[in-house]
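Asker: starting from these lines, generate the structure:
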Amino acid sequence: MKNIIKYFLLTIIALWLLGFLYIFFGNSRKVFHQNGIGINNDNEFESWLENAEREILNLQSKNRQNEKIIQELRQKAHQYESELDKLKSNEAQIFYPSFEFEETRRKIFHDIKDVSYFINTKIEELKNLKDPIKFNTHLDLIEKNFQERINVLIASSYNLSVTDKLGEWRKSDSEKLANEVQKRFNQLQNPADCGSTKKIICDMGKSCGFGCQMHHVMYCFITSFFTNRTMILQSHGWRYNEKGYEAYFKPLSEKCTTFDGSYVTWNENNNDNAEAIKMPIIDAIINKPAYLPLSVPKEYLDRLKKLHGDPFVWWSGQVLSYLMRFNSNFEEIVSKHTKDIKFKSPCVGVHVRRTDKIGTEASFHSIDEYMKHVKDFFDIYDLEHGQTVIRSVYLATDEPKVLQEAKEKYQNYNFLVDETNAKSASLDKRYSPESAQGVILDIYHLSQCDYLVCTFSSQVCRMSYELMQTRFPDASWRFKSLDDVYYFGGQNKHDVVAIYDHEPAIELGEIELKKGDLVSLAGNHWNGYSKGKNKRTHQEGLFPTFKTINLIDFF
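Answerer: Numbering: from 1, shown residues only. Below is the predicted model of the structure:
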């Protein structure tokens, strides 16, 4: 294409030169003789000079016209080159999978079919077994074989997701989006004129634990983002540390850190004109704005849906990572703690919640329940990477006895523990600077793990999961909760959408689904079924989880 355009331009220039020579020599024949100039007097010379000037002006005019034509041709050439580049770019974007990609994809398809053959066959065999001992032995073999097959499928699925540089693309786009969001946060918190900017006032006086208070600050910050206000955090006299929030973290602003003016309390009907708004706890807002959890900013929605399995968790991770930027002094404490416990990856983070929460906010779960899922993760990890790794576990708990039990029962695991943190989390030391330091260290190191096993009824567990999202392009799957699904306290509705019809087994408590039905989610039983209320039929009960997908809210 470039050569064609070059030859075309050269042709135009050559024609222009030929025209010039023709005009010049043609007119010269009228006034010049072969042996000299045929001018006999001054009048003839002046006439000849006038004709020559007219010819020169005519040539200049034609020259300008030709230059204009050449400029237009150059512009068209640039357009052609641009279109050609676009065509080449589109060709580059077409995904031509490698042999490894296609081989893995086909292997997954055939392995899934093989699992179905295996299950159907073994069910028929069980139906014909009458001896209880043989039945139980056969069942144990099926369970072991089935788990191994599932682990291979999960490992293959992960490997497929990073084949052909898909992992690099996902990482690059996720980092770009995160940088964009963090830049927006920084701009919002550091306005050109702090005195004239509108503000959200948030305090840390909510009567609850560290995780609960931090989620309160997150909700305030989310409100400030969507209302385009700078957030002022009032934390002096904080129950965990009299010095306040900045005893551990950087100030949220370099310009706007205090506010002594007048403010109004939150008013659901008229907040836009207020210079400063004092936020209540999220549970006190009856008609919650659509931008509150579980919504994500509309401007990031398309990219997030493509990159992440749970866009709001990614968004909450970005908010929390901005709020929990360690100050220089505490950064040194964190670094020292990391070295002291010899933290290394791969590692599974386990958070065992006990003391005052058992029987009120959470059920009791033995250490064996947690460690089963730790084993599953490392079994799959070894398959993914084709080697056996040291099985490290960061164990955080508010009950010191759990640490001893885990070490005694699971001696083939490398436990990374700090008994000081467990002791500082006891009820008599719960609200103290030492306790705050301990829980922050636990949350940080849990978030630095490759997988989490915990209970989502715990704020500490959910915070660790949120922060983990900033370390991976998509860490939505890197958890096992022994109780709840992920939620944000005081959130708006959590709906799922039916993507398949379902004929219910009424005797099992199931509800009907039609494709497109909205179901208000009440929870996941982690047995293949979820519980919710169908908004079309108003029926409440169980439904197969795989027949639905999350509805992503945005604002």
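
Asker: residue boundaries of the strands in the stretch 251-400 of the chain?
Answerer: Ranges of strands in the stretch 251-400 of the chain, per DSSP state E, counting those that start in this stretch, are 264-265, 276-278, 295-296, 347-352, 392-397.

Asker: these two touch, right, Tyr550 and Lys493?
Answerer: Just so we're on the same page, residue 550 is Asn rather than Tyr. No - with contact defined as CB atoms under 8 Å, Asn550 does not count as touching Lys493 (11.7 Å). Quick note: C-beta positions are derived from backbone N, CA and C, even for glycine.

Asker: and the residue nearest the centre of the chain?
Answerer: For the chain, the residue sitting closest to the mean C-alpha position, by CA atoms, centre = their mean, is Trp314 at 4.0 Å.

Asker: ok, back up a step: dump the strands of the stretch 251-400 of the chain to CSV, plus mean pLDDT.
Answerer: Shown next, in CSV, are those (pLDDT from 0 to 100):
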stretch, mean pLDDT
strand 264-265, 92
strand 276-278, 96
strand 295-296, 98
strand 347-352, 98
strand 392-397, 97
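
Asker: Phe543: which of those is closest?
Answerer: Taking CB to CB, strand 295-296 is the member of the strands of the stretch 251-400 of the chain nearest to Phe543, at 24.2 Å.

Asker: just to revisit the earlier point, now mean neighbour count and distance to Pro251 too, for the strands of the stretch 251-400 of the chain, in CSV please.
Answerer: Below are the strands of the stretch 251-400 of the chain laid out as CSV (neighbours: other CB atoms under 10 Å; distance: least, CB to CB, whole Å):
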stretch, mean neighbour count, distance to Pro251
strand 264-265, 13, 24
strand 276-278, 19, 18
strand 295-296, 23, 26
strand 347-352, 26, 29
strand 392-397, 24, 28
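
Asker: check contacts around the residue nearest to Arg536 when sequence neighbours are not counted.
Answerer: Excluding its sequence neighbours, the residue lying closest to Arg536 (CB to CB, 6 or more residues apart in numbering) is Asp517, at 5.1 Å. Going by CB atoms under 8 Å, 6 or more residues apart in numbering, Asp517 touches Val497, Ala498, Asn534, Lys535, Arg536, Thr537.

Asker: buried among these? Need that as a selection in ChimeraX.
Answerer: Applying 16 or more other CB atoms under 10 Å to those leaves a buried subset, and the ChimeraX line that selects it is:
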select :497,498,534
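
Asker: most widely separated two among the contacts of Asp517?
Answerer: Farthest pair in the contacts of Asp517 (CB to CB) is Val497 and Thr537. Separation: 14.7 Å.

Asker: out of the strands of the stretch 251-400 of the chain, flag the one nearest Gly541.
Answerer: Ranking the strands of the stretch 251-400 of the chain by their distance to Gly541 (criterion: CB to CB) puts strand 295-296 first, at 27.4 Å.

Asker: show me where the stretch 1-150 of the chain has helices.
Answerer: Assigned by DSSP state H, counting those that start in this stretch, the helices in the stretch 1-150 of the chain fall at 2-31, 42-93, 99-127, 132-162.

Asker: using CSV, write out every CA atom in whichever helix or strand comes after the last one.
Answerer: Moving toward the C-terminus from helix 132-162, the next helix or strand (DSSP states H and E) is helix 166-189. What follows is helix 166-189 as a C-alpha-only set of coordinates in CSV (Å, rounded to 0.1, in the frame of the first residue of the first chain):
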residue,chain,number,x,y,z
LEU,A,166,-4.4,-15.1,28.9
GLY,A,167,-3.0,-14.8,32.5
GLU,A,168,-0.7,-12.0,31.4
TRP,A,169,-3.6,-10.1,29.7
ARG,A,170,-5.8,-10.5,32.8
LYS,A,171,-3.0,-9.3,35.1
SER,A,172,-2.2,-6.3,32.9
ASP,A,173,-5.8,-5.1,32.5
SER,A,174,-6.5,-5.6,36.2
GLU,A,175,-3.5,-3.5,37.2
LYS,A,176,-4.5,-0.8,34.8
LEU,A,177,-8.0,-0.6,36.2
ALA,A,178,-6.7,-0.7,39.8
ASN,A,179,-4.3,2.2,39.1
GLU,A,180,-7.2,4.2,37.6
VAL,A,181,-9.4,3.6,40.6
GLN,A,182,-6.7,4.5,43.1
LYS,A,183,-5.9,7.7,41.2
ARG,A,184,-9.6,8.7,41.4
PHE,A,185,-9.6,8.0,45.2
ASN,A,186,-6.5,10.2,45.6
GLN,A,187,-8.0,13.0,43.6
LEU,A,188,-11.2,12.9,45.5
GLN,A,189,-9.5,13.0,48.9
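
Asker: in its sheet, what does the helix or strand following helix 166-189 sit against?
Answerer: Sequence order places strand 199-203 as the next helix or strand after helix 166-189, per DSSP H and E. Strand 199-203 has the following sheet partners, assigned by DSSP bridges: strand 230-234 (parallel), strand 276-278 (parallel).

Asker: and of the strands of the stretch 251-400 of the chain, who's closest to Phe415?
Answerer: Closest to Phe415 of those is strand 392-397 (CB to CB; 5.3 Å).

Asker: packing partners of the closest one?
Answerer: strand 347-352, helix 400-409, strand 414-416, helix 419-424, helix 433-447 (3 or more CB pairs under 8 Å, 6 or more residues apart in numbering; DSSP states H and E).
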